[in-house]
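J.: task: produce atomic coordinates for the following.
(one chain, ligands or ions: 1)
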Amino acid sequence: MIKELVSLAKLQESDTVLDLGAGTGALAIPLAEKAGKVIAIENDPVSVEKLKSRAGEKANVIVKQLDLLQYQPPSSPFCIVANIPFSITTPIFEKFLGHSSFLERAVLILEKGAAKRFTSFPVTNPQILAWRMWYDIRIKRTVMPECFSPPPSVEAAVVTVYRRKNPAIPSGHRGKFKAFVSYVLHDPRQPFFEAVGDIFTSPQIAKLAKALRMDRAQPICSLNVQQWEELYLAMLQHAAPYRWPKARKGSSKSYPRRKR
Ligand SMILES: C[S@@+](CC[C@H](N)C(=O)[O-])C[C@H]1O[C@@H](n2cnc3c(N)ncnc32)[C@H](O)[C@@H]1O
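T.: Residues are numbered from 1 along each chain as shown. Sure, this is the predicted structure:
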């Protein structure tokens, strides 16, 4: 499986690769054979000692003993190949995919349930939708618990993440886009015309439904990535700015909706 992960990452000598939760180096060491630089992050001091001694003279392995959620990612393009700690899967995705980052691609082992939630359609979760606007996330295959030692209690999956080549929305708009989808997707089964009713006028909604090749009564969550791009860009171009949903601090807070 380690060979498979390394090969899926298609690493070259010019690549910097992060191993998040590197343990004693089961992945970090083989990664160092392919990539120019491996940054192995692990917070357990006992594992870090073993990892450092395995890395030995390998000058291209940099071991960092810290909480990976506190790590400041590189400010130039990088990859991730990792068997991540399942308990912090969502915070890891938010840290590396949710903000404007230099992540180019990733090959990850995830808990299978999370892998399914992150890749399924329709997308009803604004946070996952925001990741998928800039990254193509796919399940490669399921990994049975027996493949690990010790075996985890749940099935896992190999997942690939590729930065989308030409996203229509500039990366700097992530915050504004997240505010927009959090507002519009607050009830994912709501008909399109109602979900966007506070942002666009009725004639604009009729035009938009035609441009997006959809029925105005279709649930808002049935939009695909391209339709979300078109809808967001239409808001910037045609909707009055006072109608744009505003970014709020603390993503758990619900977005107040206008009275109808
Ligand atoms: C699933 S194991 C993977 C170990 C190794 N990469 C492998 O494939 O054998 C996850 C590792 O993440 C480490 N870990 C858990 N939470 C962490 C955190 N917040 N920051 C850094 N490492 C963490 C654990 O100590 C453990 O070594």
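
J.: by residue count, what's the longest helix in this protein?
T.: helix 225-238 (DSSP state H).

J.: pull out the buried residues from that helix.
T.: 225, 227, 228, 229, 230, 231, 232, 234, 235 (16 or more other CB atoms under 10 Å). All C-beta spots, glycine's among them, are computed from the backbone N, C-alpha and C.

J.: got any ranges where this structure has weak pLDDT?
T.: Along the chain, the model assigns pLDDT under 70 to residues 249-260.

J.: again, only using 80
T.: Low-confidence regions of the chain, defined by pLDDT under 80, span residues 57, 100, 144-152, 247-260.

J.: what residue in it comes nearest to the ligand?
T.: residue 21 (2.4 Å; CB to the nearest ligand atom).

J.: dump the residue contacts of the nearest residue to residue 123 once chain neighbours are set aside.
T.: The shortest distance from residue 123 to any non-neighbouring residue, by CB to CB, 6 or more residues apart in numbering, is to residue 129 (4.5 Å). Counting by CB atoms under 8 Å, 6 or more residues apart in numbering, residue 129 touches 123, 181, 185, 228.

J.: let's see 10 Å
T.: 122-123, 177-178, 181-182, 184-185, 188, 221, 223, 225, 228 (CB atoms under 10 Å, 6 or more residues apart in numbering).

J.: about what we covered before: now for the buried residues of helix 225-238: which two are most distant?
T.: Pairwise distances across the buried residues of helix 225-238 peak at 16.0 Å for 225 and 235 (criterion: CB to CB).

J.: which elements pack onto the one helix or strand residue 7 maps to?
T.: In this assignment (DSSP states H and E), residue 7 forms part of helix 2-8. Taking 3 or more CB pairs under 10 Å, 6 or more residues apart in numbering; DSSP states H and E as the contact definition, the neighbouring helices and strands of helix 2-8 are helix 28-34, strand 78-83, strand 103-111, strand 135-143, strand 156-163.

J.: let's have the ones you listed in TSV, adding mean neighbour count and distance to the ligand.
T.: Shown next, in TSV, are the helices and strands packed on helix 2-8 (neighbours: other CB atoms under 10 Å; distance: least, CB to the nearest ligand atom, whole Å):
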stretch	mean neighbour count	distance to the ligand
helix 28-34	20	7
strand 78-83	24	3
strand 103-111	23	7
strand 135-143	16	11
strand 156-163	20	9
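
J.: how about those in a markdown table, adding distance to residue 89?
T.: Formatted as a markdown table, the helices and strands packed on helix 2-8 follow (distance: least, CB to CB, whole Å):
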| stretch | distance to residue 89 |
| --- | --- |
| helix 28-34 | 20 |
| strand 78-83 | 11 |
| strand 103-111 | 6 |
| strand 135-143 | 12 |
| strand 156-163 | 10 |
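
J.: so which of these comes closest to residue 90?
T.: Here strand 103-111 is closest among these (CB to CB), at 10.3 Å.

J.: check whether whichever helix or strand comes after the closest one comes near the ligand.
T.: Tracing the chain past strand 103-111, the next element assigned as helix or strand by DSSP H and E is helix 112-119. No: judged by CB under 6 Å from any ligand atom, helix 112-119 stays clear of the ligand, getting no closer than 13.1 Å.

J.: chain center to helix 112-119: distance?
T.: Relative to its chain's centre, helix 112-119 lies at 11 Å (CA atoms, centre = their mean, to the nearest Å).

J.: with stretch 199-213 instead?
T.: The answer for stretch 199-213 is 29 Å, by CA atoms, centre = their mean.

J.: got the contact list for that stretch?
T.: Contacts with stretch 199-213, where a contact means CB under 10 Å, 6+ apart, come from 180, 183-184, 192-197, 214-218, 223-224, 226-228, 230-231, 234-235, 238-240, 243-245, 258.

J.: returning to what we had before: sec struct for the residue nearest to residue 123, please.
T.: helix (DSSP: H, G, I helix; E, B strand; the rest coil).

J.: bridging residues for the residue nearest to residue 140 when sequence neighbours are not counted?
T.: Excluding its sequence neighbours, the residue lying closest to residue 140 (CB to CB, 6+ apart) is residue 158, at 4.2 Å. Note on residue 158: beta-bridge partners residue 109, residue 141, judged by DSSP bridges.

J.: perfect, that will be all.
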